[in-house]
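Asks: what's the 3D shape of this:
(one chain, ligands or ions: 1)
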Amino acid sequence: MSSSALTREQSSKAFDGHQYVYNHESSTVGCKMKFGVYVPAKAEKERVPLLIFLSGLTCTEQNFITKSGVQRLASEYGFIVANPDTSPRGCKIEGDSDKWDFGEGAGYYIDATESKWSKNYQMFSYINEEFYELIVKNFNVNPNQIGIFGHSMGGHGALISFFKRPGQYKSVSAFAPICNASKSDWGINAYTKFFGQDKNLWKQYDATELVASYHGPKPHAPVLIDQGSDDNFKDKQLFPERFIDACKTASFPIELREQAGYDHSYYFIMTFLEDHFKYHKKEFEH
Ligand SMILES: N[C@@H](CCC(=O)N[C@@H](CS)C(=O)NCC(=O)O)C(=O)O
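Replies: As a prediction, the model looks like this:
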């Protein structure tokens, strides 16, 4: 990967730090990519922890930074919080914007192998290599205190990044993640296009499959998963119980908290966001 120059699109003071939006030309996905990054005042004086947040279907870099209230927490905890976009954009691939659950805004954090998609839909490598290195290089990050978390498709992205890159992230957590992507309707539709019929490839981007063969460092406290009980996607697309069962079989520490009455929205995320900050902070202390 080559690290390209950052162009600042937005700078807004929030609490003691700044919410920024940048864009850069990505060599990994072959287009301009935007991301949000909150930088607390603490980062002016010392290296601070980094949390990477991955958003879900239909989101840009804006949803998390405008809806979750993350800035107050990032300022208080003294964390840099960086959130990339959810897919390449403007690549004009036939079929990339016909449906909200595939293509633009819905890149599934995978590296596609089918030739139609493989030039641009390399979001796994983008997040875990180019974007990761760009944030560490350009901001005052403590490289030993980096965690990843996300929502829905982004929760899936966070979990598969943790499992496929042992040791790269100190901690992982998720809100309503897609837990078994290769067996959910969203994932079956997307993976058929991205990978063709090779089901072994599908499994390489599925948290429930990956935990079974994970041999990397385990978190100290059980990985935190929050799931709203009134989330309409829970039983049709997310399948948290399948992931919990696979974690138990693999002796991988996990805590699923079913939160009564909450749906799939950013209201749910904002309610429990501080618990995730606390979780990652504790892991960073080890
Ligand atoms: N567009 C879909 C909903 C998609 C959806 O719920 N996306 C979630 C992530 S999977 C999200 O964060 N949406 C953006 C938002 O709520 O700001 C629908 O109308 O049913």
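Asks: separation between I127 and the ligand?
Replies: I127 sits 17 Å away from the ligand, going by Cβ to the nearest ligand atom, to the nearest Å. In this view, the C-beta of every residue, glycine as well, is placed from N, C-alpha and C.
Asks: could you do E283 as well?
Replies: Distance, E283 to the ligand, using Cβ to the nearest ligand atom: 25 Å.
Asks: pull the contacting residues for that residue.
Replies: 147, 170-171, 219-221 (Cβ atoms under 8 Å, 6 or more residues apart in numbering).
Asks: same deal with Y205?
Replies: 108-110, 124, 160, 181-182, 191.
Asks: among those residues, which one has the most neighbours?
Replies: A181 (30 neighbours; other Cβ atoms under 10 Å).
Asks: correct me, but that residue touches Y191?
Replies: Yes: with contact defined as Cβ atoms under 8 Å, A181 reaches Y191; the gap is 7.1 Å.
Asks: what's the overlap in contacts for the two?
Replies: By Cβ under 8 Å, 6+ apart, the residues touching both A181 and Y191 are 108, 202, 205.
Asks: and the residue in the stretch 151-286 of the chain positioned nearest to the ligand, how many neighbours?
Replies: Nearest residue of the stretch 151-286 of the chain to the ligand, counting by Cβ to the nearest ligand atom: S152, 3.4 Å away. Neighbours of S152 under the rule other Cβ under 10 Å: 26.
Asks: contact partners for it?
Replies: Counting by Cβ under 8 Å, 6+ apart, S152 makes contact with 55-57, 175-178, 233, 238, 264.
Asks: if we use 7 Å, what do you get?
Replies: By Cβ atoms under 7 Å, 6 or more residues apart in numbering, S152 lies in contact with 56-57, 176-178, 264.
Asks: and the host helix or strand of G154, what does it pack against?
Replies: Following DSSP states H and E, one finds G154 within helix 153-164. Packing partners of helix 153-164 (3 or more Cβ pairs under 7 Å, 6 or more residues apart in numbering; DSSP states H and E): strand 48-54, strand 141-151, strand 171-175, helix 207-212.
Asks: give me the contacts around it.
Replies: If you take Cβ under 7 Å, 6+ apart as the criterion, helix 153-164 is touched by 53-57, 86, 106, 108-109, 127-128, 148-150, 169, 172, 174-178, 181, 205, 207, 210-211, 214.
Asks: how about stretch 233-246?
Replies: Stretch 233-246 is touched from outside by 176-180, 184-186, 207-208, 211-212, 225, 227, 254, 256, 264, with contacts defined as Cβ under 7 Å, 6+ apart.
Asks: residues from the stretch 51-200 of the chain in reach of the ligand?
Replies: Residues of the stretch 51-200 of the chain lying near the ligand by Cβ under 6 Å from any ligand atom: 56-59, 63, 67, 100, 151-153.
Asks: which of these count as buried?
Replies: With burial judged by 16 or more other Cβ atoms under 10 Å, the buried subset of those is 56-57, 59, 63, 151-153.
Asks: farthest pair within those?
Replies: Distance extremes for these: the farthest pair is N63 and M153 at 11.9 Å, using Cβ to Cβ.
Asks: which residue does the stretch 1-150 of the chain have closest to the ligand?
Replies: The stretch 1-150 of the chain approaches the ligand most closely through G56 (2.6 Å), counting by Cβ to the nearest ligand atom.
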